[in-house]
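Asker: attaching a predicted model along with its sequence, questions to come.
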2 protein chains.
Amino acid sequence: MTEDHRPATNERKRGSGVKFVYDVLRDDILDLVLAPGSPIDEIQLAERLSMSRTPIREALVRLASEGLVATLPNRSTVVAPIDFLNMQAFFDALTLMYRVTARLAAQYRTEQNLDLIRAEQARFTRAVEKHDALEMIATNAEFHKAIAAAARNPYFATLSNRLLDEGRRLMRVYYSSFADHLPQPYVLEHEDIIAAIVTQDPAEADRLATAHANQIVSHIKALIARDDRMHVTL
Amino acid sequence: MTEDHRPATNERKRGSGVKFVYDVLRDDILDLVLAPGSPIDEIQLAERLSMSRTPIREALVRLASEGLVATLPNRSTVVAPIDFLNMQAFFDALTLMYRVTARLAAQYRTEQNLDLIRAEQARFTRAVEKHDALEMIATNAEFHKAIAAAARNPYFATLSNRLLDEGRRLMRVYYSSFADHLPQPYVLEHEDIIAAIVTQDPAEADRLATAHANQIVSHIKALIARDDRMHVTL
DNA sequence: GCTCAATTTTATGTCGACAAATAAAATACA
DNA sequence: TGTATTTTATTTGTCGACATAAAATTGAGC
């Protein structure tokens, strides 16, 4: 029975219910507070958040269409399992999105975009200095989301965000157990990518993003390889 | 007051309600039966499909997260407008997905995939011979969805399907008014792409898909150019 | 003691109703 | 007559309750 230590939910504005539930569940899923594959009880949730089941179901429908939960008809909804067998598809998609968003960001970024990208990079750097793995994972995702936003393409942005969320969950599987630290190179690689976006050099941004993606992919693959969960579908 | 000429909806199995509404609305939106930007009245829909508002709202949430409808808080839900201003983002995404799915399909396709791809191409060819523009648009989308399925990457498949649906809607804007016919080249280009997938030549599949995408993009651009709706957001 | 069937239980899918928020209509006022 | 303000009406967001489908439990038969 998990306690709910969020701001007093008793007084909420009309119409914000679904979004509230959506945010709560999304955070819990991405932070692995809710384990992949674990069932979500609508009634329990309704009681915990002190609201009716209707807004909760609507939030679940939305999460389902984003692939964060899976709905079994007439049976319980479960947190989306992590598919360790089809990991290559994830890596392919992540690499391509890194490349294309970096390339387009180099073309279309505004000063405002650069401000946000630099801010997220600063947060990431601080997390690395603190050796806070969980914070690193989260801020790394935000950094790449900022680049995706600068690319000015909602289709790519949507897919990128989905992949980054999925990746965040994947990394937590490993870093929540043994508190490790991400290799330093990532900070420098980010800096290089920023430089290419600032100077509006799409080809260079693409090249650097590719290298960066390869780095991360082999990193995750190494994590998976030294683990025996790889053949289990969580 | 649109009449509903679908199979008698009175007896439906439990749990199929949301999917039923989803399918009905989706079809109506993609076929432009529901005009972009037009409001969707939950109560009317509930009466027309003879069910309560709950499953209808859940279907709308799902459609919203797929970008087919837009929900204005505390106000009516509307069919997603077609954004003629940001069309380049759509073209970029479509081109990239054509390329990457063709490339991956050439690598990973099974015999079963080939069967489906050939079947869809046959349907497309028949539609072209009949000069049935609407059927062409639909079968063309299905052909590319079959390729996307063969690529064995759910992330790319999801984005591809979304873009193909959006494209279908876009084409209907033009072809529903003046019944034209798609240029013959498309049939041959499809055949070439199939050949590259059959012989498992990713580079060639990529090259052909790129050319095919460019063809379609310039086709749509021409349609838009000779129309004065381009600066209006439907 | 084990397997299968009937029964209970739990959780989902759907419904009708109420309350709040926005849009539309009606009224007052300059 | 045109504009601002109140009133009405429509429509959404949320609720509690009921019906139904699986799962869990119990009991019967071998």
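Answerer: Arrived safely, thanks for sending.
Asker: which residues in chain A form helices?
Answerer: Taking DSSP state H as the test, the helices found in chain A are A:17-30, A:42-48, A:53-65, A:87-108, A:111-129, A:133-150, A:154-175, A:185-198, A:202-225.
Asker: residue A:77 is nearest to which of the ones you listed?
Answerer: For residue A:77, the closest of those is helix A:53-65, at 5.4 Å, according to C-beta to C-beta. Placement of C-beta: from N, CA and C, glycine included.
Asker: same for the closest one, what does it pack against?
Answerer: helix A:17-30, helix A:42-48, strand A:69-71, helix B:53-65 (3 or more C-beta pairs under 8 Å, 6 or more residues apart in numbering or on different chains; DSSP states H and E).
Asker: does it come close to DNA strand D?
Answerer: Yes. With C-beta under 7 Å from any atom of the strand as the criterion, DNA strand D is reached by helix A:53-65 at A:53-55, A:58.
Asker: adding mean neighbour count, write the helices of chain A out as TSV.
Answerer: As requested, the helices of chain A are exported to TSV (neighbours: other C-beta atoms under 10 Å in any protein chain shown):
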stretch	mean neighbour count
helix A:17-30	18
helix A:42-48	15
helix A:53-65	21
helix A:87-108	21
helix A:111-129	16
helix A:133-150	22
helix A:154-175	20
helix A:185-198	18
helix A:202-225	17
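Asker: mind checking the ones you listed for the one nearest to DNA strand C?
Answerer: Smallest distance to DNA strand C across the helices of chain A (C-beta to the nearest atom of the strand): 3.7 Å, for helix A:42-48.
Asker: the closest one close to DNA strand C?
Answerer: Yes. Judged by C-beta under 7 Å from any atom of the strand, helix A:42-48 comes into contact with DNA strand C through A:42-43.
Asker: packing partners of that helix?
Answerer: With contacts taken as 3+ C-beta pairs under 8 Å, 6+ apart, helix A:42-48 sits against helix A:53-65.
Asker: got the angle for the helix it packs on vs helix A:17-30?
Answerer: Put simply, helix A:53-65 runs at 50 degrees to helix A:17-30, going by axes from the mean of the first three to the mean of the last three C-alpha atoms, to 10 degrees.
Asker: which residues are contacting helix A:53-65?
Answerer: A:17-22, A:25-26, A:29, A:40, A:42-43, A:45-46, A:49, A:69-71, A:77, B:18, B:54, B:57-58, B:61-62, B:64-66 (C-beta atoms under 8 Å, 6 or more residues apart in numbering or on different chains).
Asker: contacts only, for residue A:127.
Answerer: Counting by C-beta under 8 Å, 6+ apart, residue A:127 has contacts A:135-136, A:138-139.
Asker: of those residues, which pair is most distant in space?
Answerer: Most distant of the contacts of residue A:127, by C-beta to C-beta, are A:136 and A:138, 7.4 Å apart.
Asker: measure the most centrally placed residue in chain A to DNA strand D for me?
Answerer: Taking C-alpha atoms, centre = their mean, the centroid of chain A lies closest to residue A:165, which sits 1.8 Å from it. Using C-beta to the nearest atom of the strand, to the nearest Å, residue A:165 is found at 23 Å from DNA strand D.
Asker: separation between the closest residue in space to that residue that isn't next to it in sequence and residue A:136?
Answerer: Leaving aside its sequence neighbours, residue A:165 sits nearest to residue A:30 (C-beta to C-beta, 6 or more residues apart in numbering or on different chains; 5.7 Å). For residue A:30, the distance to residue A:136 equals 14 Å [C-beta to C-beta, to the nearest Å].
Asker: mind giving me the domain ranges of chain A?
Answerer: Following automatic domain parsing, one finds the domains of chain A at A:17-79, A:87-231.
Asker: pLDDT of the first one, averaged?
Answerer: Mean pLDDT, taken over the full extent of domain A:17-79, equals 93.
Asker: span of that domain from start to end?
Answerer: Domain A:17-79 stretches 20 Å from its first residue to its last (C-alpha to C-alpha, to the nearest Å).
Asker: right, and the helices of chain A - which one's nearest residue B:118?
Answerer: It's helix A:87-108; of these, that one is closest to residue B:118 (C-beta to C-beta) at 24.2 Å.
Asker: just checking, what packs against the closest one?
Answerer: For helix A:87-108, the packing partners by 3+ C-beta pairs under 8 Å, 6+ apart are helix A:133-150, helix A:154-175, helix A:185-198, helix A:202-225, helix B:87-108, helix B:154-175.
Asker: right, is the fourth one up against chain B?
Answerer: Looking back up the chat, that one is helix A:202-225. No. In terms of C-beta under 8 Å from any C-beta of the partner chain, no part of helix A:202-225 sits within range of chain B; the closest distance is 12.4 Å.
Asker: who are the contact partners of the residue of chain A found nearest DNA strand D?
Answerer: With C-beta to the nearest atom of the strand, the shortest gap between chain A and DNA strand D falls at residue A:17, namely 2.3 Å. Going by C-beta under 8 Å, 6+ apart, residue A:17 touches A:51, A:55.
Asker: against residue A:222, how distant is it?
Answerer: 43 Å.
Asker: please apply the same query to residue A:43.
Answerer: Distance, residue A:43 to residue A:222, by C-beta to C-beta: 42 Å.
Asker: before we move on, what about residue A:127?
Answerer: Taken as C-beta to C-beta, the span from residue A:127 to residue A:222 is 21 Å.
Asker: what do you get for residue A:193?
Answerer: Per C-beta to C-beta, residue A:193 is found 22 Å from residue A:222.
Asker: how about the nearest residue to residue A:41 once chain neighbours are set aside, phi and psi?
Answerer: Excluding its sequence neighbours, the residue lying closest to residue A:41 (C-beta to C-beta, 6+ apart) is residue A:76, at 7.0 Å. As for residue A:76, its main-chain torsions (degrees, to the nearest 10) stand at phi -70, psi 150.
Asker: ok, now residue A:41?
Answerer: Residue torsions, per degrees, to the nearest 10, at residue A:41 are phi -90, psi 120.
Asker: wait, it sits on residue A:78?
Answerer: No. Using C-beta atoms under 8 Å, residue A:41 makes no contact with residue A:78, being 10.6 Å away.
Asker: give me the more crowded residue out of the two.
Answerer: Using other C-beta atoms under 10 Å in any protein chain shown, the more surrounded residue of residue A:41 and residue A:78 is residue A:78, with 17 against 13.
Asker: quick one: that one and residue A:68 touch, right?
Answerer: No. If you go by C-beta under 8 Å, residue A:78 and residue A:68 don't touch, sitting 10.6 Å apart.
Asker: DNA strand D contacts on chain A?
Answerer: Proximity of chain A to DNA strand D (C-beta under 7 Å from any atom of the strand) is limited to residues A:12, A:14-18, A:51-55, A:58, A:73-75.
Asker: ok, and of those residues, which contact DNA strand C?
Answerer: For DNA strand C, the contacts drawn from these by C-beta under 7 Å from any atom of the strand are A:14-15, A:53-54, A:73-75.
Asker: out of those residues, which is most surrounded?
Answerer: Neighbour counts for those were taken using other C-beta under 10 Å; the highest belongs to residue A:54, with 15 neighbours.
Asker: list the contacts for residue A:172?
Answerer: So residue A:172 contacts A:30-32, A:134, A:137 (C-beta under 8 Å, 6+ apart).
Asker: can you flag which of the ones next to DNA strand C among the residues of chain A next to DNA strand D belong to strands?
Answerer: Using DSSP state E, no member of these sits in strands.
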